[in-house]
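Novice: Coordinates for the following, if possible.
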Amino acid sequence: MSEGDLTPFPSTLLLDTSFLRTLGGTRTWKYRTFIDYVEQNDVQLFLTPRVIAELDEQQAYMSIDWVDKAETTDWIEQTGEFQPGVRVHDGPRAGEIFDSAHAKIAEREQVDPDELRKTDASLPAVAVMLLGSRAFDRIGILLDDNHAEESIESVLQNTYYEGRIAVLNIWDTLSYMETEL
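Specialist: Numbering: from 1, shown residues only. I've put the predicted structure just below:
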């Protein structure tokens, strides 16, 4: 991730399970910094169906019920499944982004693609869908997974989506948010 990925900071963020798990509970400085920044800057958060499924599976390990928040607050919402045929201008279709990201993540993790979960690969595909269906200029994907971060960045490189979809890691994001509060 480069410094340019943080500025201008996206007002729309897709959250990965790894990010939410590392963020921790309501008493951690990470959580407080994140929520304070989101509320003060009107940042819109999104959870994908695949992230929601993982959150349901890991509920015992999570101190926050993010799915409930998505159903009861207006600053976080659930997305639909990505639509493979969606594209914005001359960018690759969401399905192509998904397939390429999934293959690159599997290669970096040295795992058979058929055995690898598809949650991380679906994030940039959903970001394409959001760019194509809403008036968002820039969307950030928040992760705490170096393999996924590097893979997604490489897939978006030299496409219409480079700069429009920012891949952000938790530590740089929280540091940035802390300085902006």
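Novice: how about the helices of the protein, start to end?
Specialist: Assigned by DSSP state H, the chain shows helices spanning 17-23, 29-40, 49-57, 66-72, 94-109, 119-133, 146-156, 170-180.
Novice: For the first one, the averaged confidence score.
Specialist: Just to be clear, that refers to helix 17-23. Computed over helix 17-23, the mean pLDDT rounds to 91.
Novice: okay if I get the helices of the chain as CSV plus distance to residue 88 and mean neighbour count?
Specialist: The C-beta positions use only the backbone N, C-alpha and C, and glycine is treated the same way. As requested, the helices of the chain are exported to CSV (distance: least, CB to CB, whole Å; neighbours: other CB atoms under 10 Å):
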stretch, distance to residue 88, mean neighbour count
helix 17-23, 24, 21
helix 29-40, 25, 16
helix 49-57, 21, 17
helix 66-72, 25, 15
helix 94-109, 9, 20
helix 119-133, 5, 25
helix 146-156, 12, 21
helix 170-180, 24, 16
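Novice: can you put those in JSON lines and add distance to residue 87?
Specialist: Output for those, formatted as JSON lines (distance: least, CB to CB, whole Å):
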{"stretch": "helix 17-23", "distance to residue 87": "26"}
{"stretch": "helix 29-40", "distance to residue 87": "29"}
{"stretch": "helix 49-57", "distance to residue 87": "20"}
{"stretch": "helix 66-72", "distance to residue 87": "26"}
{"stretch": "helix 94-109", "distance to residue 87": "7"}
{"stretch": "helix 119-133", "distance to residue 87": "7"}
{"stretch": "helix 146-156", "distance to residue 87": "13"}
{"stretch": "helix 170-180", "distance to residue 87": "27"}
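Novice: Of these, which shows the lowest average pLDDT?
Specialist: helix 66-72 (a mean of 77).
Novice: Many thanks, we can stop here.
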